[in-house]
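Enquirer: Need the 3D shape of this:
(one chain, ligands or ions: 2)
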Amino acid sequence: MRPEPHPMTPEPYRVRSRRPDRADTVTLTLEPVQGVCPPFVPGQFTMLYAPGVGEIPISISGRARSGGYVQTIRAVGAVSGALCRKRRGEIVGLRGPYGTGWDMSAAAGLDVVVAAGGLGLAPLRPVVRDLARHASRYGRVSVIVGARTPATVIYPRELARWRDDHGIDVQVTVDHPDRAWKGPVGLVTRLIDRIVFDPRHAFAFICGPDAMIKATAAELVRRGVRPGRLAVLLERNMKCGVGRCGHCQLGPLFVCVDGPVVTYDRAAPLLAVREL
Ligand SMILES: Cc1cc2nc3c(=O)[nH]c(=O)nc-3n(C[C@H](O)[C@H](O)[C@H](O)COP(=O)(O)OP(=O)(O)OC[C@H]3O[C@@H](n4cnc5c(N)ncnc54)[C@H](O)[C@@H]3O)c2cc1C
Ligand code: FES
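Expert: Numbering: from 1, shown residues only. Ligands and ions are numbered 1, 2, ... in the order given. Purely as a prediction, here's the structure:
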């Protein structure tokens, strides 16, 4: 009898499709060489292995019609760069899905603000798709996105569809506009003035760099949204992804198992300490 594979051994997945999104960002659809993708909840991540290079956590941005995982990756270093260079038909390793997901039921009946900084829109994509699909479950829905430049705004076609086909209030701001840019310029927090929601009856999903999370959450709390009604996705360096190595520790939290999605009342005191 063949021994069971070790749970930390990545399964081989084939790149079914590869879509270059922006200059340094690629969206891959990954399917297991054998069997089917395990179920996932929005917000969870997988550990993706680029053979011979290394393994990194990447959020699941959706499920393709074929059943595969859709994952959007920005090339920032050795492993993410190697994954972004993978072509259709090539093999990567995958473990997971791991971690906590966005709690959609906590937002039911409330106005919803989705706030994304840069690539933070990738883990939030399944949230917005759920909001669009089940609009009657929620109040007013707004999506605010901040990016460095117009060229780094991911999913531009989908943003337009959410606005035009689903009536979602989608607003995008950039730090550095180009000549063609006609939208707002500046931090994503400035967009909070442009959207309509009742802070006492609102829920927010926030993902981006720590500074963006802190600034957005602080502004929403200042306006009256309860910290327990802010869900944030924390990114920390990870190695095992399953609560064993301690690489992702943030105070008492192991982000890979207690997160990456947590409510802001838990995250705020930890994000306030610089060394953590
Ligand atoms: C739960 C979770 C979900 C993630 N989801 C995605 C995703 O959907 N798409 C995606 O492209 N990336 C995602 N990341 C970030 C991704 O894991 C890192 O970009 C990756 O680990 C970088 O590895 P590397 O070997 O390519 O680069 P490295 O050589 O390790 O790093 C290159 C540069 O990127 C910086 N960096 C490394 N890790 C991070 C990080 N987590 N956040 C910000 N800067 C970092 C380093 O400081 C360094 O400057 C996620 C991270 C976590 C923890
Ligand atoms: S990555 Fe090892 S404990 Fe979280």
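
Enquirer: what residue ranges in the stretch 101-250 of the chain score low on pLDDT?
Expert: Applying pLDDT under 70 to the stretch 101-250 of the chain picks out no residues at all.

Enquirer: Can you name the residues of it sitting close to ligand 1?
Expert: For the stretch 101-250 of the chain, the contact set with ligand 1 under C-beta under 6 Å from any ligand atom comprises 119, 122, 123, 235, 236, 237, 238. Any C-beta I mention is one placed from the backbone N, CA and C, and that applies to glycine too.

Enquirer: Assign a three-state SS to the closest residue to ligand 2 within the stretch 1-150 of the chain, would you?
Expert: Across the stretch 1-150 of the chain, no residue is closer to ligand 2 than residue 57, which sits at 7.9 Å (C-beta to the nearest ligand atom). Under DSSP: H, G, I helix; E, B strand; the rest coil, residue 57 falls in the strand class.

Enquirer: circling back: take the residues of the stretch 101-250 of the chain next to ligand 1 and write them to CSV, including secondary structure.
Expert: Listed next are these as CSV, based on three-state DSSP:
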residue, secondary structure
119, helix
122, helix
123, helix
235, coil
236, coil
237, coil
238, coil
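
Enquirer: among those residues, which ones are buried?
Expert: Among those, those scoring as buried are 119, 122, 123, 235, 236, 238 (criterion: 16 or more other C-beta atoms under 10 Å).

Enquirer: Could you restrict those residues to the ones contacting ligand 2?
Expert: Within these, those near ligand 2 by C-beta under 6 Å from any ligand atom are residue 238.

Enquirer: ok so, going back, for the residue of the stretch 1-150 of the chain closest to ligand 2, give its distance to residue 8.
Expert: Using C-beta to C-beta, to the nearest Å, residue 57 is found at 14 Å from residue 8.

Enquirer: Between those two, tell me which one has more neighbours.
Expert: Set residue 57 next to residue 8 and count neighbours by other C-beta atoms under 10 Å: residue 57 wins out with 22 against 12.

Enquirer: ok, that one - contacts?
Expert: By C-beta atoms under 8 Å, 6 or more residues apart in numbering, the contact set of residue 57 is 45, 46, 47, 48, 98, 235, 238, 241, 256.

Enquirer: Would you map the helices across the protein?
Expert: Secondary structure of the chain (DSSP state H): helices at 78-84, 121-133, 156-166, 210-222, 255-258, 264-271.

Enquirer: Report the buried residues of the last one.
Expert: By that I understand helix 264-271. Buried, per 16+ other C-beta under 10 Å, within helix 264-271: 264, 266, 267, 268, 271.

Enquirer: For the nearest residue to the first one once chain neighbours are set aside, name its beta-bridge partners.
Expert: For residue 264, the nearest residue in space outside its immediate sequence neighbours is residue 230; the separation is 3.7 Å by C-beta to C-beta, 6 or more residues apart in numbering. When bridges are taken as DSSP bridges, the partners of residue 230 come out as residue 204.
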